[in-house]
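Engineer: how would this look folded up:
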Amino acid sequence: MANTANIPAEGQLIVDIKDMSLINDIKKAISMLRGVGKVSRPRRKRMTAYERSLRDLDEGRVYEAKDVDDLFKQIFG
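Structural biologist: Residues are numbered from 1 along each chain as shown. Okay, the predicted model is just below:
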């Protein structure tokens, strides 16, 4: 009896693209390949205002003022 490898019925291929202006051409080329069922692009999850503010904290985009007058002095000079 011959030893055969199990080949999965479906799979997924992840491709990193550096030039996003070519995305439509690449999707079209991949969809022309035999056996390709669907070509899709995952959508980025949109960050909430809270998540953006946490990122600002992590990246140091935070300003401190002792009171409102100090804040206005920092903003308007």
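Engineer: can you give me the strands for the protein?
Structural biologist: Counting by DSSP state E, the chain has no strands to list.
Engineer: quick one: the helices in it?
Structural biologist: 23-31, 49-58, 68-76 (DSSP state H).
Engineer: against Arg52, how distant is Glu59?
Structural biologist: The gap separating Glu59 from Arg52 is 10 Å, by CB to CB, to the nearest Å. For every residue, glycine as well, the C-beta is placed using N, CA and C.
Engineer: nearest to Pro42, out of the helices of the chain?
Structural biologist: Counting by CB to CB, Pro42 lies closest to helix 23-31 out of the helices of the chain; the figure is 12.2 Å.
Engineer: can I get that closest one in PDB, CA atoms only?
Structural biologist: This file holds the C-alpha atoms of helix 23-31, laid out as PDB (Å, rounded to 0.1, in the frame of the first residue of the first chain):
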ATOM      1  CA  ILE A  23      -4.000  45.600  -4.900                       C
ATOM      2  CA  ASN A  24      -6.700  45.300  -7.500                       C
ATOM      3  CA  ASP A  25      -4.400  43.900 -10.100                       C
ATOM      4  CA  ILE A  26      -3.000  41.300  -7.600                       C
ATOM      5  CA  LYS A  27      -6.500  40.300  -6.600                       C
ATOM      6  CA  LYS A  28      -7.500  39.900 -10.200                       C
ATOM      7  CA  ALA A  29      -4.400  37.800 -11.000                       C
ATOM      8  CA  ILE A  30      -4.900  35.500  -8.000                       C
ATOM      9  CA  SER A  31      -8.600  35.000  -8.800                       C
END
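Engineer: change the start of the numbering to 16 and stick with it
Structural biologist: Fine by me, first position is 16 from now on; the one you just mentioned is helix 38-46.
Engineer: if we can go back for a sec, I'd like the helices of the chain written out as TSV, with distance to Pro57, mean pLDDT and mean neighbour count added.
Structural biologist: TSV is the format used below for the helices of the chain (distance: least, CB to CB, whole Å; pLDDT from 0 to 100; neighbours: other CB atoms under 10 Å):
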stretch	distance to Pro57	mean pLDDT	mean neighbour count
helix 38-46	12	91	12
helix 64-73	18	95	10
helix 83-91	39	92	10
